[in-house]
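Chemist: Pasted the sequence and its predicted model underneath.
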Amino acid sequence: MLSKQNGSIKLFDMKQLAACAIFIFSVWSGIDAQETGCVDGSCSNGKGKYIYENGYIYNGNWVDGKRNGSGVLILPNGDKYDGMWVEDEYHGQGSYTWSDGSKYTGEWKKGIQDGYGIFFYPNGDKYTGYFKDNKFHGKGKYTWSDGSAQEGVYENGQLKSTQ
């Protein structure tokens, strides 16, 4: 790169050019940077809001630095979990809404749909019944958007028998 100094032309050395580029980049990238970490309240013990570097935002209760009790997690893609937490995992009653409009409301165990719940599909269909390992499992009822329904027993997501 060239500059004019005292009437003569001087070539910048690469160190000066690199230092200038790093400075400009650091100032520019800081403009859009979002604050991360605990941004409100207490994220150790109590209620607080934490913004993760991956864009996840959690607002809720904390015990010993882990999400415990009620809280809401919002993901950058628009997914959202609102419910109970134990040791940083969905556990207890909660609702998870996917960005495509699907929604599960019911019981969670260690981050997995497990127990009684309702799964709503974007097209209006829904399943009401039991889940195990994120799959229909046990007695349940599948209702199509036109109102027709089928009750039965499911195993690992598959209908095994009708009632």
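Modeler: Structure's in. What do you need? As the structure is a computational prediction, the values presented were derived from the model and not from experiment.

Chemist: For Gly46, list the residues it contacts.
Modeler: Contact criterion CB atoms under 8 Å, 6 or more residues apart in numbering gives 61-62 as the residues in contact with Gly46. Every residue, glycine included, has its C-beta placed from N, CA and C.

Chemist: Bridged to it, which residues?
Modeler: Gly46 has the following beta-bridge partners by DSSP bridges: Trp62.

Chemist: measure it to Asn61 for me?
Modeler: According to CB to CB, to the nearest Å, Gly46 stands 7 Å off from Asn61.

Chemist: What of Gln158?
Modeler: Distance, Gln158 to Asn61, by CB to CB: 38 Å.

Chemist: Low-confidence ranges, the protein, go.
Modeler: Judged against pLDDT under 70, the low-scoring parts of the chain cover residues 1-34.

Chemist: Would you mind writing the CA trace of stretch 118-130 as PDB?
Modeler: As requested, C-alpha coordinates have been extracted for stretch 118-130 and formatted as PDB (Å, rounded to 0.1, in the frame of the first residue of the first chain):
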ATOM      1  CA  ILE A 118     -50.100 -34.300  23.100                       C
ATOM      2  CA  PHE A 119     -48.300 -33.800  19.800                       C
ATOM      3  CA  PHE A 120     -49.800 -31.300  17.400                       C
ATOM      4  CA  TYR A 121     -48.800 -31.300  13.700                       C
ATOM      5  CA  PRO A 122     -48.800 -28.200  11.500                       C
ATOM      6  CA  ASN A 123     -51.500 -29.700   9.300                       C
ATOM      7  CA  GLY A 124     -54.000 -30.000  12.200                       C
ATOM      8  CA  ASP A 125     -53.400 -33.700  13.000                       C
ATOM      9  CA  LYS A 126     -52.700 -34.600  16.600                       C
ATOM     10  CA  TYR A 127     -51.700 -37.500  18.800                       C
ATOM     11  CA  THR A 128     -52.900 -37.800  22.400                       C
ATOM     12  CA  GLY A 129     -51.400 -40.500  24.600                       C
ATOM     13  CA  TYR A 130     -48.200 -41.900  25.900                       C
END
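
Chemist: Tell me the buried residues in that stretch?
Modeler: Within stretch 118-130, the residues scored as buried using 16 or more other CB atoms under 10 Å are 118-120, 126-130.

Chemist: what's the answer for stretch 66-86, then?
Modeler: Using 16+ other CB under 10 Å as the test for burial, stretch 66-86 gives 67-68, 71-74, 80-86.
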